[in-house]
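[1] model this:
(chains A and B)
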Amino acid sequence: MTLKEIKKLLNAEIIIGEDCLDVEIEFAGGSDLMSDVLAFGKPGILLLTGLSNAQSVRTANIIDARAVVYVRGKKPDKVGIEIAREKGIPLLSTQHMMYTACGLLFSHGLPGVSGLSYKK
Amino acid sequence: MKMSNEDELSQHFEITGRDFSNAGKASTSIKEILQEIGIDSSITVRASIAAYEAEMNVVMYAKKGVLTLNITPEKLRLKLEDEGPGIGDIEMAMQEGFSTATDEMREMGFGAGMGLPNIKKNADRFEISSTPGIGTSLDITFCLSQTEKK
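    Okay, the predicted model is just below:
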């Protein structure tokens, strides 16, 4: 699933990375807890989070996340946006809450970190 | 970046306790160095995660600390020395989910009691020692050559 499709599914706004919409996303995971993201995340992950401080972007960079989607209409602070720009990490923001955002992506075929995918 | 000799690289990073706005900067720099010198990407991610967890522990719990990155052709080593409250029961602290984090730390997205176990999980060798009231030392090693594998 491309970032462009994800943007459309989540009715999301691009905060940074307008030129990265063709990036292919293979799996995703959602958490507000960066401790969990560091423990269970994998390189290439699309991270969905409601944590909007700079740690969300620093964590995404450390684990080689492909992109970050902020839920509940949140947006990262200036420091976070600057780090994302520097590291080339696309950032999106959706008004959907975590459960709905994850559900929309999962039900449209984007697997979780474990590889588990939606079966109709 | 200090080059001790042709085959060794080492750099120190100072970390200040409670400085949440700069938390993660040292680990981000470490990751940049590892990428720059061409360390295998999976080792780079594992070492960066370990460095980040260690750095966050200093920011959250200690007064200050120094994280030292040392790389030889055989291994990548992260040594952390902090000045702080130390850990009274290391066995307990190594259990997933055990945490003495405050609400402020949790608001930063940390303090779930996953840090030390996650460092150990990512490392090839991990040693920890601590003196309550003095501080904690971590010695985290990643093997870069087959002969160094555990």
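[2] Quick check, pLDDT for residue 118.
    No chain specified, so I'll use chain A. We have a pLDDT of 85 for A:Tyr118.
[3] actually chain B
    95.
[4] which secondary structure elements does the helix or strand of chain A with the lowest mean pLDDT contact?
    In chain A, no helix or strand scores lower on mean pLDDT, DSSP states H and E than helix A:34-40, which sits at a mean of 93. When contacts are defined as 3 or more CB pairs under 8 Å, 6 or more residues apart in numbering or on different chains; DSSP states H and E, helix A:34-40 sits against helix A:54-62, helix B:41-61, helix B:115-122. The C-beta positions use only the backbone N, C-alpha and C, and glycine is treated the same way.
[5] of those, which approaches A:Leu92 most closely?
    Nearest to A:Leu92, of all the helices and strands packed on helix A:34-40, is helix A:54-62, at 12.0 Å by CB to CB.
[6] So for the closest one, mean pLDDT?
    Regarding helix A:54-62, the rounded mean pLDDT is 96.
[7] Please give the centre-to-centre distance between that helix and its chain.
    Offset of helix A:54-62 from its chain centre (CA atoms, centre = their mean, to the nearest Å): 11 Å.
[8] Now tell me what touches the helix or strand following that helix from outside.
    Next in sequence after helix A:54-62, counting helices and strands by DSSP states H and E, comes strand A:67-70. For strand A:67-70, contacts defined as CB atoms under 8 Å, 6 or more residues apart in numbering or on different chains pick out A:3, A:6, A:10, A:12, A:15, A:17, A:20, A:23, A:25, A:46-50, A:52, A:56-57, A:60, A:76, A:84, A:89-94, A:101.
[9] Could you tell me which of these belong to strands?
    A:Ile15, A:Leu46, A:Leu47, A:Leu48, A:Thr49, A:Leu91, A:Leu92, A:Ser93 (DSSP state E).
[10] Would you mind giving the helices and strands packed on helix A:34-40 as a markdown table with mean neighbour count and distance to B:Asp82 added?
    Listed next are the helices and strands packed on helix A:34-40 as a markdown table, based on neighbours: other CB atoms under 10 Å in any protein chain shown; distance: least, CB to CB, whole Å:
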| stretch | mean neighbour count | distance to B:Asp82 |
| --- | --- | --- |
| helix A:54-62 | 27 | 19 |
| helix B:41-61 | 23 | 5 |
| helix B:115-122 | 21 | 13 |
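[11] Nearest approach to B:Lys75 belongs to which of these?
    Going by CB to CB, the one of the helices and strands packed on helix A:34-40 nearest B:Lys75 is helix B:41-61, 10.1 Å.
[12] packing partners for that closest one?
    helix A:34-40, helix A:54-62, strand B:8-16, helix B:25-36, strand B:64-71, strand B:75-83, helix B:115-122, strand B:135-143.
[13] could you give the angle of that helix to strand B:75-83?
    0 degrees (axes from the mean of the first three to the mean of the last three CA atoms, to 10 degrees).
[14] Return the set of residues that bridge with B:Ser130.
    Applying DSSP bridges to B:Ser130 yields these beta-bridge partners: B:Thr136.
[15] how close does B:Ile140 get to chain A?
    Using CB to the nearest CB, to the nearest Å, B:Ile140 is found at 14 Å from chain A.
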